[in-house]
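Colleague: Got a predicted model here, sequence first, then my questions.
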Amino acid sequence: MWGWWRLGKWTVLIMFLHIIAILIFTKGFLLTRTELPHSSHVSDLSQSPCLSFSSSSSSSWTKPGVDRLIIIVLDALRFDFVAPSSFFEQKQPWMDKLSVLQRMALEKPSSAKIFKAIADPPTTSLQRLKGLTTGALPTFIDVGNSFGAPAIVEDNFINQLIQNGKRVVMMGDDTWTQLFPNHFNKSYPFPSFNVKDLDTVDNGCIEHLLPSLHQQDWDVLIAHFLGVDHAGHIYGVDSAPMIEKLEQYNTVLEQVIEALQKQSGPGELHENSLLIVMGDHGQTLNGDHGGGSAEEVETSIFAMSFKDLPSVPSEFDSSSCAVDLANRNICINSIQQLDFAVTVSSLLGVPFPFGSIGRVNPELYALAVGTWNLEDNKTRNDEDQRKLEKWMQNYVNVLCINSWQVKRYIDVYSALSVIGFSSEDLFHISELYAKAEENWSYTRNLLLCRNESCNSSLPELKRQTVAYFNFLSYVAELARSKWTEFNLKMMGAGIGIMLLSLYCHFLAIKRLNKSNGVSLPSSRDSTISFGLMLASFVVVLRACSLLSNSFILGEGKVANFLLATTGIITLRYSFMKKKMLLDAAIFLLLTFILRIAIEVGLSKQAATSQFLNVSSSWMLGISISQPLWTYMVEIAPIFALIILGYFLYTAISSCCCWGIPKYVIMGTILSYVLIALYWATESNILDLAPMLKGIGKNFFPMAIYAIGFAQLSLLAFVPLLSKEEASNYGGSLFVKMISILSACSSTVIILQGKQGALVALVSVVAGYCIMRLQGIEQHRDKGATGTSILDPLPVVQWSLLALCLFFATGHWCAFDGLRYGAAFIG
């Protein structure tokens, strides 16, 4: 009892230090942005120096530019899905499939434009929707909400629409209804999490979208398609399902544009409507997203007005042009996704979201409000001059409201947030805003001037616009830097406490080993000293490699290389001692097999890979064209389960310690049988569906989960109620280890897919080899009879083996390394 209490004190101390270290480190590493509960209201504008728009029926922050807005979100829309292939060095099969958007941009360059939209990471769908509607910058810690989206508490574009009497209809991805509950007049949500389903959400959108275009019961319509995103996750970009989805979208968009054009005449339903087709983020060639690579952050926005409008002034034009395959000139503009919320708010005349730090984009704004080109001063007539001045006056006032709203948010945020901006940053922000407001009184008089005798205001309006641009750009860049800049002091303090906990851990292990007749190696033994130095060198080498920014995708390969290095040294030592040569050779062979598995698991990053197919396992993809592989893929995992069951049975049979472990092992063997039956039901070779008729698809996984829970409960609670003899420490530890691993193995195997049994078998055999080879190094200390010398090298090998097994299952340490298929098993 006293020994247990002493061990318990060490455990509590180590756990306490670990928790404190993790909390402090994550406080500096996982940055958060304080979400303010404030909302913008129409009456707030009276506090600003800007002009408000008011009509006989209502008042608003800006003069509405459109009456109806149609937003079609194509999830994971890469930029090269929309832009012509002539903008890229090499034409790819997925390019030029959305030809209707390119055709509209060519035929109506002043009223239909293609934008390259730059998103801010993280590029997961929930965070992008949050950023698009709030105009703020979600942080990476928000990624944790991707699988259970909480309602957005910050002020947002959707909330402003509802507050100001706009009617909103939504269809498609059900994430919208989770983020904005009770916000839609009509909603047609469809489940979005099943990445294997390419059609349910899209078909639901198509069913309701086209009829809704002929109805008058909405002001804003949102349709969110998911097929391209799911096709990318499952098959990759360069795949037949992806091409089919893009062609389907092209047909749908043709029908949408045709329906809108037919009703865009004077006095008709869509006379003053704006169509926006956009992506929330991009995707890599293997169909993943979440990080900040160019492929993931670059998406596209296509905007089309159904009015005949002149083009944007040249000083606001960010377009780049190229000649398409038909030798026609087509231009692409650019926009930050951060600017989307405030721009569409200005077009609809609703207050800007309180926390938005975006800028009203002049090119998107001009699509609905219109402007006149200044490129040729000599040929411009007086009428064009007046129209241009009128547009510039309107746009400058919108920027004034935009800048005042951003300044208000920065002031409130800094006052209320614990992690606000520094005094130096706030001073510079105030200085830029004051500079922008210096000449506002004069500009305001120009805006209020209704006399033809007023002097030309264009130069002054341009200077005012540039001043507001400078202010808004600085705030956006400052926010990006502050909300992605790590707190190195807190991170350092966390690492320091973690090192202290590791030292306490070392002392606890030393005392425990001493009480059980095990000692750490001494420098008196040259062999053990070499093993200690080698183990320390490998650990330091791995620790240093973690500092490399390119280590994320190479970690599995590096771990396998280090494991193979220790295996070669062990083989050399085994050859010198002429003992256990077979074990050392098998261990090296397994490291080679793991290296191949790691390469295959990472192969989904290749442009044309289909290894993931429609399963959490990468194994199914290798049987596409070879019948022999088909049989091997079906039989090998079941054969591996049989071997694992045999190993478990022989391990427990050879030990005198029965009781609870006996029932745990029996439960595991039963789970292996259920796993084999589950895989057989999904087999393309064995047609067991008629035999198992009446048994649901989820029966086997749910039964396996229940057995695993029961096993862990037995292992956790029964020992607390019984006394345990400490005479056979080694045997008892072995039985406990086998019991715990076997209880967890069945759940892990079924979630990993068909390669799970093979990986588990490799882990068992490799672990057995490590324990066997440890016997070469272990010996009795001559000065202390009965005391075993513990070699640290096998501990390092266990650690590296665990890493290799993780990466061999197809995982890697990045957002796009998640295997979503496991979520649909049971």
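Modeller: All right, it came through fine. Numbers count the residues shown, from 1 in each chain.

Colleague: just the strands in the stretch 51-200 of the chain please.
Modeller: Assigned by DSSP state E, counting those that start in this stretch, the strands in the stretch 51-200 of the chain fall at 53-54, 59-60, 68-74, 112-118, 168-173, 186-190.

Colleague: got it, and the chain?
Modeller: Taking DSSP state E as the criterion, the chain carries its strands at 53-54, 59-60, 68-74, 112-118, 168-173, 186-190, 220-225, 273-278, 298-305, 320-323, 329-336, 518-519, 788-789.

Colleague: quick one on the thing from earlier: quick one: the strands of the stretch 51-200 of the chain as CSV, columns for mean neighbour count and distance to residue 398 too.
Modeller: C-beta: built from backbone N, CA, C; applies to glycine. What follows is the strands of the stretch 51-200 of the chain, written out as CSV (neighbours: other CB atoms under 10 Å; distance: least, CB to CB, whole Å):
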stretch, mean neighbour count, distance to residue 398
strand 53-54, 14, 10
strand 59-60, 16, 11
strand 68-74, 23, 17
strand 112-118, 24, 19
strand 168-173, 24, 23
strand 186-190, 18, 31
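
Colleague: Now do the end-to-end distance for stretch 212-225.
Modeller: Chord length of stretch 212-225, first to last residue, is 16 Å (CA to CA, to the nearest Å).

Colleague: How about residue 188: what's its closest non-neighbour residue?
Modeller: The spatially closest residue to residue 188, leaving aside those adjacent along the chain, is residue 171, at 4.0 Å (CB to CB, 6 or more residues apart in numbering).

Colleague: Please name the residues that touch the one you found.
Modeller: Residues in contact with residue 171 (CB atoms under 8 Å, 6 or more residues apart in numbering) are 187, 188, 189, 190, 204, 205, 208, 209, 212, 222, 223, 224.

Colleague: Could I get the average pLDDT for stretch 744-755?
Modeller: Taken as a whole, stretch 744-755 has an average pLDDT of 86.

Colleague: again, but for stretch 279-290
Modeller: Along stretch 279-290, the predicted confidence averages to a pLDDT of 88.

Colleague: how about the residue lying closest to residue 280 once chain neighbours are set aside, what does it touch?
Modeller: If the residues on either side of it in the chain are set aside, residue 280 comes closest to residue 128, at 3.9 Å by CB to CB, 6+ apart. Each residue near residue 128 by CB under 8 Å, 6+ apart is listed here: 119, 280, 281, 337.

Colleague: neighbour-wise, which of the residues you listed leads?
Modeller: Within the contacts of residue 128, neighbour counts (other CB atoms under 10 Å) peak at residue 281, which reaches 30 neighbours.

Colleague: So that residue sits against residue 119, correct?
Modeller: Yes: between residue 281 and residue 119 there is a contact at 5.1 Å, judged by CB atoms under 8 Å.

Colleague: on that earlier part again, now render the contacts of residue 128 as JSON lines, adding distance to residue 302.
Modeller: Below are the contacts of residue 128 laid out as JSON lines (distance: CB to CB, whole Å):
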{"residue": "119", "distance to residue 302": "16"}
{"residue": "280", "distance to residue 302": "14"}
{"residue": "281", "distance to residue 302": "16"}
{"residue": "337", "distance to residue 302": "14"}
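
Colleague: I'd like to know how far the spatially closest residue to residue 155 that is not a sequence neighbour sits from residue 179.
Modeller: The shortest distance from residue 155 to any residue that is not its chain neighbour, by CB to CB, 6+ apart, is 3.9 Å, and that residue is residue 354. As judged by CB to CB, to the nearest Å, residue 354 and residue 179 stand 17 Å apart.

Colleague: No further queries at this time; thank you.
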